[in-house]
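Colleague: just need the structure, nothing else, for what follows:
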Amino acid sequence: MSSKDWLEKDFYAVLGVGKAASPDEIKKSYRKIARESHPDHNPGNGQAEERFKAASEAYDVLSDERKRREYDEMRSLFGSGAFRRNARAGGQPGGYPFDVSDLFGGAQPGAGDRRFGGAGFSDLFSSIFSGGAGGARPRGPARGRDVETEVVLDFGDAVRGVTVPLTLRAPGVCDTCHGNGARPGTQPRACPECLGAGVVTRNQGSFSFSEPCRECQGVGTVVDEKCPECRGTGGVTKTRTLNVRFPAGVADGQRIRLAGRGEPGERGGPAGDLLVLVKVRADDLFGRSGDDLTLTVPITIAEAVLGTDLRVPTMDGAVTLRVPPGTPSGRTLRARGKGVVRRDGAAGDLLVTVEITVPAQVSAEAREALETFAARTPPPQREHLEARVRRFN
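Modeller: Here you go, the predicted structure:
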């Protein structure tokens, strides 16, 4: 794929977002596509793998504010026709036929997509509009990409906190060559074309511009004898296990960031981060509202009328709550400090909602007692309802 083809890709369309999409919208769309099309979830599906690669390529540019701005400016520049060949210009005075392909010289980005999206854009702009004054910039270490994964925790573990061994398959530094791509016993040498800069300056008529060196693909070094393990790339896909500590009170949908545990950097750059998306299984007894835990408990009519001491479970034992006489169905009782522990050491509460249950069948003795109770208990005030009923008579 040529640089011209790469530049003309519509990254917004790849991620299914508009040009005015916010960073959060771009991130959300990318994560959805990545989960659906990840090669680990679609073994042998070439179409899903290509979609995953295209989405990763698009997100790499659009998630970076500087790259996105330069990408938009470059597409706007080319879209306006400023560098398209004018078929009629050749026969008119002052016509200057020019083509995007000539500008890029057929450079092959390949694995250098990110290089072009980074230094390449800036070099190209500075060269076009300053007559080459910008010059070539050496390519330094590059930070590795962030890696995302997902873990499912039990409700109790999320409330109390837990350490979970997390197994990942992700890019890592090759243990054989330690990331330099050369066969053990040998070392990469400085590229003779760019002298280690990673970029070269070319002249195109009255313009001069910089582009990634084709000899070393913008790395600045050449490997004569490639590492047999990684084939000169310096990285391999590894299976690794990390013990990840999830703090007490971690919530469903929360992301835990582990600095430096992501994809290794390029040319000695720092590693990216590992982002762990937490999913919490629903509990069959407790619910959660912020730092408070919720619980629904059934009580009988007699308990509601006469009051009772209610023994209820918590996450770390049991407590007794007093149900006052005359408690209506749906009333919430509070057990303070029995909820989720906050970061400052304080804790939320346990909110217990009582619901009066009505038996489907009762014994003759119970029915007689209820009838006696009903005869001696005045009915609730319903005059306002009767007044409304009389309007329809």
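
Colleague: low-confidence ranges in this protein?
Modeller: For the chain, the stretches with pLDDT under 70 are 1-8, 75-141, 204-208, 266-268, 393.

Colleague: where along it do the helices fall?
Modeller: Listed in chain order, the helices of the chain (DSSP state H) span residues 3-7, 11-15, 23-37, 46-62, 65-79, 100-104, 113-115, 121-130, 155-160, 301-306, 364-376, 383-390.

Colleague: what about Gly234, how many residues nearby?
Modeller: Neighbour count for Gly234, taken as other C-beta atoms under 10 Å: 25. The way it works is simple: take the backbone N, C-alpha and C, and place the C-beta from them, glycine included.

Colleague: mind listing what it touches?
Modeller: Taking C-beta atoms under 8 Å, 6 or more residues apart in numbering as the contact definition, Gly234 lies against 173-174, 177, 179-181, 227.

Colleague: tell me the spacing between it and Gly179.
Modeller: Note on Gly234: its distance to Gly179, by C-beta to C-beta, to the nearest Å, is 4 Å.

Colleague: need the residues touching each of the two.
Modeller: Val173.

Colleague: might one say that Asp349 is in contact with Arg336?
Modeller: Yes. Under the criterion of C-beta atoms under 8 Å, Asp349 lies in contact with Arg336, with a separation of 5.1 Å.

Colleague: picking that back up, adding mean neighbour count, write the helices of the chain out as TSV.
Modeller: What follows is the helices of the chain, written out as TSV (neighbours: other C-beta atoms under 10 Å):
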stretch	mean neighbour count
helix 3-7	19
helix 11-15	19
helix 23-37	16
helix 46-62	17
helix 65-79	15
helix 100-104	18
helix 113-115	20
helix 121-130	17
helix 155-160	20
helix 301-306	16
helix 364-376	10
helix 383-390	8
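
Colleague: including distance to Gly326, could those go into TSV?
Modeller: Putting the helices of the chain into TSV (distance: least, C-beta to C-beta, whole Å) gives the following:
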stretch	distance to Gly326
helix 3-7	75
helix 11-15	59
helix 23-37	50
helix 46-62	60
helix 65-79	62
helix 100-104	82
helix 113-115	70
helix 121-130	73
helix 155-160	33
helix 301-306	7
helix 364-376	14
helix 383-390	21
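
Colleague: looking at those, which is closest to Thr314?
Modeller: helix 155-160 (10.3 Å; C-beta to C-beta).

Colleague: and for Glu225, the neighbour number?
Modeller: Neighbour count for Glu225, taken as other C-beta under 10 Å: 14.

Colleague: what about the residue nearest to it when sequence neighbours are not counted, neighbour count?
Modeller: Counting by C-beta to C-beta, 6 or more residues apart in numbering, Glu225 lies nearest to Arg183, which is 4.1 Å off, once chain neighbours are set aside. Arg183: 17 surrounding residues under other C-beta under 10 Å.

Colleague: show me what contacts Arg183?
Modeller: In this structure, Arg183 makes contact with 177, 225-228, judged by C-beta under 8 Å, 6+ apart.

Colleague: list the contacts of the residue nearest to Leu277 when sequence neighbours are not counted.
Modeller: In this structure, Leu277 finds its nearest non-sequential neighbour in Glu150, 4.5 Å apart by C-beta to C-beta, 6+ apart. Contacts of Glu150 were listed using C-beta under 8 Å, 6+ apart, and they are 276-279.

Colleague: switch those residues over to CSV; also include distance to Gly345.
Modeller: Listed next are the contacts of Glu150 as CSV, based on distance: C-beta to C-beta, whole Å:
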residue, distance to Gly345
Val276, 24
Leu277, 26
Val278, 21
Lys279, 26
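
Colleague: among the residues you listed, which lie within strands?
Modeller: Cross-referencing the contacts of Glu150 against strands under DSSP state E gives 276-279.

Colleague: tell me where the stretch 251-393 of the chain has strands.
Modeller: Applying DSSP state E, counting those that start in this stretch to the stretch 251-393 of the chain gives strands spanning 255-258, 274-280, 287-289, 292-299, 308-314, 317-323, 332-335, 350-356.

Colleague: which neighbouring elements make contact with the longest one?
Modeller: When you say that, I think you mean strand 292-299. Taking 3 or more C-beta pairs under 8 Å, 6 or more residues apart in numbering; DSSP states H and E as contact, the helices and strands that strand 292-299 lies on are strand 287-289, strand 308-314, strand 350-356.

Colleague: which strands or helices does the shortest one pack on?
Modeller: Packing partners of strand 287-289 (3+ C-beta pairs under 8 Å, 6+ apart): strand 292-299.

Colleague: tell me the angle of the strand it packs on relative to strand 317-323?
Modeller: Here strand 292-299 runs at 60 degrees with respect to strand 317-323, directions being taken by axes from the mean of the first three to the mean of the last three C-alpha atoms, to 10 degrees.
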